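# how does the following fold in three dimensions:
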Amino acid sequence: MRYLLPSLFLVALLAMLMLRGYVHSEILADHRVRPPAPIGQVPEHILKGGPVIDARSAQSPQALSVPDRKLVLTFDDGPDPEWTPKVLDKLKQYDAHGVFFVTGTMASRHPDLVERMVEEGHEIGLHTFNHPDLSFQTKSRIDWELSQNQLAIAGAAGIRTSLFRPPYSSFSDALDDKSWPVTQYIGSRGYITAFNNTDSEDWKRPGVDAIIKRATPKGTEGSIVLMHDSGGDRSQTVAALDRFLPSMQERGYTFASLTEALGAPSAHTQVTGPELWKGKAWVWAVAVSEKTTSVLVVGLAVIGFLVMLRFVMMLLLSFLHARKVRKRNFSWGAPYTEPVSVLVPAYNERECIANTVRSLMAGEHPIEIIVIDDGSTDGTADIVEAMRLPNVRVVRQENAGKPAALNNGLANARFDIVVMMDGDTVFELATVRELVQPFGDPRVGAVAGNAKVGNRDSLIGAWQHIEYVMGFNLDRRMYDLLGCMPTIPGAVGAFRADALERFGGMSEDTLAEDTDVTMALHRDGWRVVYAEKARAWTEAPESVQQLWSQRYRWSYGTMQAIWKHRRAVIERGPSGRFGRVGLPLVSLFMVLFPLLAPLIDVFLLYGLVFGPTQNTVVAWLGVLAIQAVCAAYAFRLDREKMTHLISLPLQQILYRQLMYVVLLQSWITALTGGRLRWQKLRRTGAVEAPGSIPGQRQRSNEKRPVA
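Numbering: from 1, shown residues only. This next block holds a predicted model:
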């Protein structure tokens, strides 16, 4: 289910966007218009006849005219949600009927207006689905345009029609050798083609007087008048109708539908059975796609606001944090010089454990090292014991998981401050000393260190390096000032032992025990701060599968921790302050925001395919530029080389998508009540801290995985 639901969601979203692109003429649309051609193939009686062409009989096509004192008002390109109702109101006011040649795209999006036209006695005609010049199209495309147009009308009003007007048409005497074969083919499909012989040219917006003048026939001649109820501002058309209708009625004219004027049977035929339900299903699908897209647009606006808000907060608060802790007179209190206990939970870490222990032994602060072997089967504990180093103890236990191993280490720790790290991590010489200095402030209950990616030589490693420096450490500076640090990283963190004892140590309730315990400390009233100089070098996943497993656990564990501490929102005191500040921020920026952020990429893809391409590219480059500024500032704060930012654009295109899918899968796991277990990542022991004492690594016949 965790794989099926995201796949179905993605397919449904793509289908709705494609449908929207289709009904908005952004896909499969052809806006070419053919110039005039010779007229040698067009029969003379057609060129000199009336504006209605009945070519249903190939042997004897007819040109029909509207009788005297009859006017057929025709409106093209609608229905439009703003102007069509106003046109209909005017026609109803003066008891006049007309013909609306609707496009399939507009009829699909506004079926209620088509239904109103039919109910008020007007006739409907086809104007194709996407409004292409049919002289450019194949017969199969013409059939498609007609059938889709009929489908939309059937779904909207339950009818089909035999009237047709080709896009970009004018008078019948404008037929040429390119458009006449189309008219003949349309006739062979059972349609009557209605041109016009009086063009109001209202689309030019020449003014109300000019529209009325051009729409008025000579003497008492009958006429088909061309107007528009869509395609732009039609206020002049509506105003012209308010004068034109009563004026022509006073002259003895009747405004009728085309079949009424010709004395012919109605062009409408009722649709029933499967054809009706097929049309209704089409209209319903278009409505769903329209509403979904509208919601996505709102979501995109929200995401855009959140992106800017987060970037501004990160830059401003990170600047203030760096300015605060880097002042010459800044101090957490009296220097902390007491020995500390370092807990190293390890499970099958034979590739890394020797480097980890050596980096600790070379440090500048007095420590005891407790390696808790969690039932390793690869001799991890034996490697540590064989090193015979002072102040290094090995505690063996049956495999019970990382939280149990840490609690076992806490039970064996001799000192008040405990440092926790992963078995694949190495510390710099000053890391422990820098990590414990904030405990000079008695209000500090835990300290987050500066975790860095050690194996950044591969592309996937470089992407994680950018994420750690920008996404994690810049965030920690922000959360430090706000007093709601959500997570002490498992790779490098320190705690007061008595603070952990107050709520039973590390909990096994979630898969993110580091986030869980950090939130518990906040709720208990302790300060949690960030020590930027306490650098630790960790071995990040080197394959997509390993990265997926790690981030899947992190995302799911964070959701579990938020849910576990949800009552903090309504509590008082320190717990309530964290619940009403920290939990909303963590939920917004770590769970909800990443879930909605793919909308940026969805609309990027949509804009690139359907347009406007240039505006889309500029907008995306703008967002990328803002991210690059934040990343560059984060790298400057951490004194990292800017060369790694070369891969930032590719990270945004590829790596970020992987994180989206991981988070979506975590959401679905949570919503479906799924369970997720700890998953051991494969290690290579390739990471050493700058300035550490290199040791002889354990050799392995296993090849290092390539990203």
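# tell me what the host helix or strand of residue 586 is packed against?
Secondary structure assigned from DSSP states H and E places residue 586 in helix 583-586. When contacts are defined as 3 or more C-beta pairs under 8 Å, 6 or more residues apart in numbering; DSSP states H and E, helix 583-586 packs onto helix 544-564. Where you see a C-beta, it was placed from the backbone N, CA and C, and this is true even at glycine.
# next structured bit after the helix it packs on?
Elements were assigned by DSSP H and E; along the chain past helix 544-564, the next helix or strand is helix 573-577.
# for that following helix, list the C-alpha coordinates in PDB.
As requested, the backbone C-alpha atoms of helix 573-577 are provided in PDB (Å, rounded to 0.1, in the frame of the first residue of the first chain):
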ATOM      1  CA  GLY A 573       4.700  26.300  31.400                       C
ATOM      2  CA  PRO A 574       7.800  25.200  29.400                       C
ATOM      3  CA  SER A 575       5.900  22.400  27.800                       C
ATOM      4  CA  GLY A 576       3.200  24.700  26.500                       C
ATOM      5  CA  ARG A 577       5.700  27.200  25.200                       C
END
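# tell me the mean pLDDT for that helix?
For helix 573-577, the mean pLDDT works out to 92.
# where along the stretch 451-600 of the chain do the helices fall?
Counting by DSSP state H, counting those that start in this stretch, the stretch 451-600 of the chain has these helices, from start to end: 459-466, 474-482, 497-501, 513-523, 544-564, 573-577, 583-586, 593-596, 598-610.
# out of these, flag the one nearest residue 201.
Distance to residue 201, taken as C-beta to C-beta, is lowest for helix 598-610 among the helices of the stretch 451-600 of the chain, at 31.1 Å.
# helices or strands next to that closest one in the packing?
Contact here means 3+ C-beta pairs under 8 Å, 6+ apart; on that basis helix 598-610 packs against helix 4-23, helix 273-325, helix 613-637, helix 656-671.
# go again using 7 Å as the cut-off
In terms of contacts (3 or more C-beta pairs under 7 Å, 6 or more residues apart in numbering; DSSP states H and E), helix 598-610 is packed against helix 273-325, helix 613-637.
# in the helix or strand following the shortest one, what counts as buried?
Using DSSP H and E, the helix or strand that follows helix 613-637 towards the C-terminus is helix 648-650. Within helix 648-650, the residues that qualify as buried are residue 648, counting by 16 or more other C-beta atoms under 10 Å.
# again, but for stretch 658-671
For stretch 658-671, using 16+ other C-beta under 10 Å, the buried residues are 659-670.
# related to what we said a few turns ago, need the helices and strands packed on helix 598-610 in a markdown table (columns: mean neighbour count).
A markdown table is the format used below for the helices and strands packed on helix 598-610 (neighbours: other C-beta atoms under 10 Å):
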| stretch | mean neighbour count |
| --- | --- |
| helix 273-325 | 15 |
| helix 613-637 | 15 |
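# what about the helices in the stretch 151-300 of the chain?
Using DSSP H, counting those that start in this stretch, helices in the stretch 151-300 of the chain cover 180-188, 208-215, 235-250, 258-262, 273-325.
# skipping adjacent residues, who's closest to residue 418 in space?
Spatial nearest neighbour of residue 418, excluding adjacent residues (C-beta to C-beta, 6 or more residues apart in numbering): residue 341 at 4.8 Å.
# and the helices and strands packed on helix 598-610, which one's lowest on average pLDDT?
Sorting the helices and strands packed on helix 598-610 by mean pLDDT places helix 613-637 lowest, at a mean of 84.
# show residues contacting it.
The contact list for helix 613-637 (C-beta atoms under 7 Å, 6 or more residues apart in numbering) reads 307, 311, 314-315, 318, 322, 466, 469-470, 473-474, 600, 604, 607-608, 642, 645, 648-649, 652.
# equivalent analysis for stretch 136-147, please.
Residues outside stretch 136-147 that contact it (C-beta under 7 Å, 6+ apart): 30, 32, 34, 126, 128-130, 132, 134, 185, 189.
# okay, and which of these map to helices?
Among these, the members found in helices (DSSP state H) are residue 185.
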